[in-house]
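>>> What follows is a predicted protein model with its sequence.
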Amino acid sequence: MKYQPPEALRDIHALVIDMDGVLWRGDDPLPGLVGFFELLRERPIAFRLATNNASKSPRQFVDKFASLGVKVAPDDILTSAGVTAQHIAAIAPGASVYAIGDGTRQAVLKHSLHLSSGEQADFVAVGWDPKLTYKELSEATLLIRAGAKFIGTNPDRTLPSERGLLPGNGAILACLQAATDVEPFIIGKPERAMFDAALAAMGADVAHTAMLGDRLETDILGGQNAGLRTIFVLTGASDEAELAASPVRPDWVFKDIQELTRAWGALS
Ligand SMILES: [Mg+2]
């Protein structure tokens, strides 16, 4: 298979970066984390950190970065919950939203939307929630059946854990879809909204922006669908065998961000 030569990285002036499996795995930083951000700042290469994880706030990610020796700002981080609230606020300012998940509720309030407790809502926004109750599923079902727009922060069907795969937000969406016959509008990767939000936030154009990620089906395919070039690292969800078998072809493949930093750093 043919990839672009490292020299073609010269065209890239902005990055959309996935975090888990690229920068860290769980609580452990991956090799070269600090040096990678030094390179981005030195060049400089604009970046936004984009995650489908809707359960944490940007502030929580900023704290995680700080604990690993990297300084980033809350605005550098786009969560699918934040982009969901931003999307609703853009099409219906001040709308009333029935939200599932702490991260989604916080994002709704931050974007000056009205947080509904049931009864009436213009939107039902669903993010992963480990404390999800049957009552919440019932409220969401009734609201969607009454005409509220059904939005999912992210489509991830499973959630890896020490015990194996657990139900992810996509599984919660599937439950609501079964109960309402309504398909959700999805914000997170591989859909476009996250990529568009990142490009807009950076003021970057697609020709000079790349998506850096570890999942072929979300990061790489989603980045390609949004018109971006793509950089794949082998430190996360997909390995070399999966890459060889996949119809999804990234533009560049690196073992990890350390190897990417070395290749990029060597270009003048
Ligand atoms: Mg990842």
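All right, it came through fine. Numbers count the residues shown, from 1 in each chain.

>>> Relative to the ion, which residue of the stretch 151-268 of the chain is the closest?
For the stretch 151-268 of the chain and the ion, the shortest gap (CB to the ion) falls at residue 214, measuring 4.4 Å. (Each C-beta comes from the backbone N, C-alpha and C, glycine too.)

>>> Distance of the spatially most central residue of the chain relative to residue 94?
Centroid-nearest residue in the chain, with CA atoms, centre = their mean: residue 51, separated by 2.6 Å. Residue 51 sits 27 Å away from residue 94, taking CB to CB, to the nearest Å as the criterion.

>>> Using the three-state scheme, assign residue 105.
Here residue 105 is helix, with the state taken from DSSP: H, G, I helix; E, B strand; the rest coil.

>>> now it, nearest residue through space, not along the chain?
residue 99 (4.6 Å; CB to CB, 6 or more residues apart in numbering).

>>> Need the phi and psi values for that neighbour.
In terms of degrees, to the nearest 10, the main-chain angles of residue 99 are phi -110, psi 140.

>>> picking up where we left off before, how about the contacts made by the residue of the stretch 151-268 of the chain closest to the ion?
Applying CB atoms under 8 Å, 6 or more residues apart in numbering, we find residue 214 in contact with 18, 20-22, 232-238.

>>> So for the lowest-mean-pLDDT helix or strand in the chain, what gets flagged as buried?
Here the helix or strand of the chain ranked lowest by mean pLDDT, DSSP states H and E is strand 158-161, holding a mean of 85. The neighbour-count check on strand 158-161 (16 or more other CB atoms under 10 Å) flags residue 159 as buried.

>>> In its sheet, which strands sit next to that strand, and in what direction?
strand 164-167 (antiparallel) (DSSP bridges).

>>> average pLDDT for the strand it pairs with?
The average pLDDT within strand 164-167 is 91.

>>> Can you list the buried residues in that strand?
Neighbour-count burial for strand 164-167 [16+ other CB under 10 Å]: residue 167.

>>> Alpha carbons of that strand, as CSV, please.
Presented in CSV, the C-alpha positions along strand 164-167 are these (Å, rounded to 0.1, in the frame of the first residue of the first chain):
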residue,chain,number,x,y,z
GLY,A,164,-14.7,-6.3,28.3
LEU,A,165,-17.0,-4.3,26.1
LEU,A,166,-19.8,-2.4,27.9
PRO,A,167,-22.8,-0.6,26.3
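
>>> what helices or strands is the helix or strand just after that strand leaning on?
Where DSSP states H and E defines the elements, the next helix or strand beyond strand 164-167 is helix 169-180. In this structure, helix 169-180 packs against strand 123-126, helix 134-145, strand 149-152, with contacts taken as 3 or more CB pairs under 8 Å, 6 or more residues apart in numbering; DSSP states H and E.

>>> Please identify the deepest-packed of the ones you listed.
strand 123-126 (a mean of 28; mean count of other CB atoms under 10 Å).

>>> about what we covered before: can you tell me the closest non-neighbouring residue to the residue of the stretch 151-268 of the chain closest to the ion?
Residue nearest to residue 214 in three dimensions, not counting chain neighbours: residue 236, with 2.7 Å by CB to CB, 6+ apart.

>>> Quick one, grab the pLDDT at that neighbour.
89.

>>> did I read that right, it in a strand?
No - assignment of residue 236 by three-state DSSP gives coil, placing it outside any strand.

>>> mind listing what it touches?
Contacts were defined as CB under 8 Å, 6+ apart; by that measure residue 236 touches 20-22, 25, 213-215.

>>> Just the buried ones from these?
20-22, 213-215.

>>> Please look at residue 242 and residue 216 and confirm they touch.
Yes - using CB atoms under 8 Å, residue 242 is in contact with residue 216, at 6.8 Å.

>>> neighbour count winner among the two?
residue 216 (22 against 14; other CB atoms under 10 Å).

>>> Spell out the secondary structure type for the closest residue to the more buried one other than its chain neighbours.
Using CB to CB, 6+ apart and skipping the chain neighbours, the partner closest in space to residue 216 is residue 248 (4.4 Å). On the three-state scheme (three-state DSSP), residue 248 is labelled coil.
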